[in-house]
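Asks: here is my input, please return the structure:
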Amino acid sequence: MHILWNNQIVERSTVKIDIEDRGYQFGDGLYEAIRLYNGKLFMYNEHFDRLERCAKKIRLDLPFSRLELLRRLRKLVEIEKLSEGDVYLQVTRGIAPRNHLFPAKPQPVLTANVTPFSRPVTLQQQGKTACLVKDQRWLHCDIKSLSLLGNLLSLDEAVQRGFDDALLVRDGYFTEASASNLWFVINGCLYTHQDGPLVLPGITKLQLLRIIHQDQLPVKEMAVPVSALNQIEECFLTNSIEEIIPVISIDGKLVGNGQPGKLTKLLQQKYLEQI
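Replies: Got it, this is the predicted structure:
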């Protein structure tokens, strides 16, 4: 297995992460997970746009340009000879003596790898179960940070309770799932939380909104209150890796008839056409 390590592509065994790398010490860094279809990076520009925005929010200068990173990732994919998979990359603030203050002259560290991954068609057809979990994460969920402990705890709580995923609730409103944007259909209208500090601006969400507006489907970008739970006709999750995953039950109660809904299946097909 090969790894992109800064500007080199090397064998995984040769990569050494320093004990004082700020990604290791503090989770001081960012990441992106880009889907690979037919050997090509899907929505690369949108992923880079988000990475760039997040870097500005944490006052980190990226050590590469858009084109430089693309060339390196393409080379990595070529060497690994993968057609379909997940390209994971992360950039940390680099190595510095452990101190809560940002180093004066950081030297960011980039790593990336490619993992084989096929479209989870069965999961997309059958869906997931989910439960409500209190959203106790920090207030910068719009930053795709390496610090994901809050997400991990919410997913673990759901699994410990016998469900597949967690639907996060803050102050009486749904935000997102443990690692996905969250969507509902109520009275035939699509709902998803507006972008802002409480949710990640998802790349699949962005593509889906383009499809929805192009097809003139009814949609509202606004937070859905938990009090509307009994009105939910369909529910699904979106992320770059799994695409569109139906949620067939919430807290043990079926969503609709317990099968992926009409709008969910329509959007799955429309998204597949974009791929």
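Asks: report pLDDT for Leu67.
Replies: pLDDT for Leu67: 98.
Asks: nope, Leu51 is what I meant
Replies: Predicted confidence (pLDDT) at Leu51: the value is 98.
Asks: can you get me a residue count around it?
Replies: Around Leu51 there are 22 other residues, counting by other Cβ atoms under 10 Å. In this view, the C-beta of every residue, glycine as well, is placed from N, C-alpha and C.
Asks: and Glu242, how many neighbours?
Replies: Glu242 is flanked by 18 other residues according to other Cβ under 10 Å.
Asks: show me where this protein has helices.
Replies: For the chain, helices defined by DSSP state H occupy the ranges 22-26, 44-57, 66-80, 121-126, 149-160, 203-214, 262-274.
Asks: go through these and pick out the most buried.
Replies: Of all the helices of the chain, helix 22-26 has the most neighbours on average by mean count of other Cβ atoms under 10 Å, namely a mean of 19.
Asks: hang on, the earlier thing: could you dump the helices of the chain to a markdown table with distance to Pro97?
Replies: Formatted as a markdown table, those follow (distance: least, Cβ to Cβ, whole Å):
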| stretch | distance to Pro97 |
| --- | --- |
| helix 22-26 | 10 |
| helix 44-57 | 22 |
| helix 66-80 | 28 |
| helix 121-126 | 45 |
| helix 149-160 | 24 |
| helix 203-214 | 36 |
| helix 262-274 | 46 |
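Asks: show me the chain divided up by domain.
Replies: 2-117, 122-274 (automatic domain parsing).
Asks: the last one: how far from the chain's middle?
Replies: By that I understand domain 122-274. 11 Å (Cα atoms, centre = their mean, to the nearest Å).
Asks: how long is that domain end to end?
Replies: Using Cα to Cα, to the nearest Å, the end-to-end distance of domain 122-274 comes out at 20 Å.
Asks: which parts of stretch 98-117 are buried?
Replies: 106, 108-114, 117 (16 or more other Cβ atoms under 10 Å).
Asks: for it, the distance to its chain's centre please.
Replies: 19 Å.
Asks: stretch 44-58 now?
Replies: The chain centre lies 13 Å from the centre of stretch 44-58; the measure is Cα atoms, centre = their mean.
Asks: just the CA coordinates of it, formatted as PDB?
Replies: Provided in PDB are the C-alpha atoms of stretch 44-58 (Å, rounded to 0.1, in the frame of the first residue of the first chain):
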ATOM      1  CA  TYR A  44     -12.800  17.100  -6.400                       C
ATOM      2  CA  ASN A  45     -13.200  20.900  -6.800                       C
ATOM      3  CA  GLU A  46     -16.000  21.000  -4.300                       C
ATOM      4  CA  HIS A  47     -14.000  19.000  -1.800                       C
ATOM      5  CA  PHE A  48     -11.000  21.300  -2.300                       C
ATOM      6  CA  ASP A  49     -13.200  24.400  -1.900                       C
ATOM      7  CA  ARG A  50     -14.400  23.100   1.500                       C
ATOM      8  CA  LEU A  51     -10.900  22.200   2.600                       C
ATOM      9  CA  GLU A  52      -9.700  25.700   1.700                       C
ATOM     10  CA  ARG A  53     -12.600  27.300   3.600                       C
ATOM     11  CA  CYS A  54     -11.900  25.200   6.700                       C
ATOM     12  CA  ALA A  55      -8.200  26.000   6.600                       C
ATOM     13  CA  LYS A  56      -9.000  29.700   6.700                       C
ATOM     14  CA  LYS A  57     -11.300  29.100   9.700                       C
ATOM     15  CA  ILE A  58      -8.500  27.500  11.700                       C
END
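Asks: leaving out sequence neighbours, find the closest residue to Asn38.
Replies: In space, and not counting its chain neighbours, Asn38 is closest to Ser83: 5.9 Å by Cβ to Cβ, 6 or more residues apart in numbering.
Asks: ok, what's across the strand from the residue nearest the centre of the chain?
Replies: Nearest residue to the geometric centre of the chain (Cα atoms, centre = their mean): Asn239, 5.0 Å. Assessed by DSSP bridges, Asn239 has beta-bridge partners Glu243.
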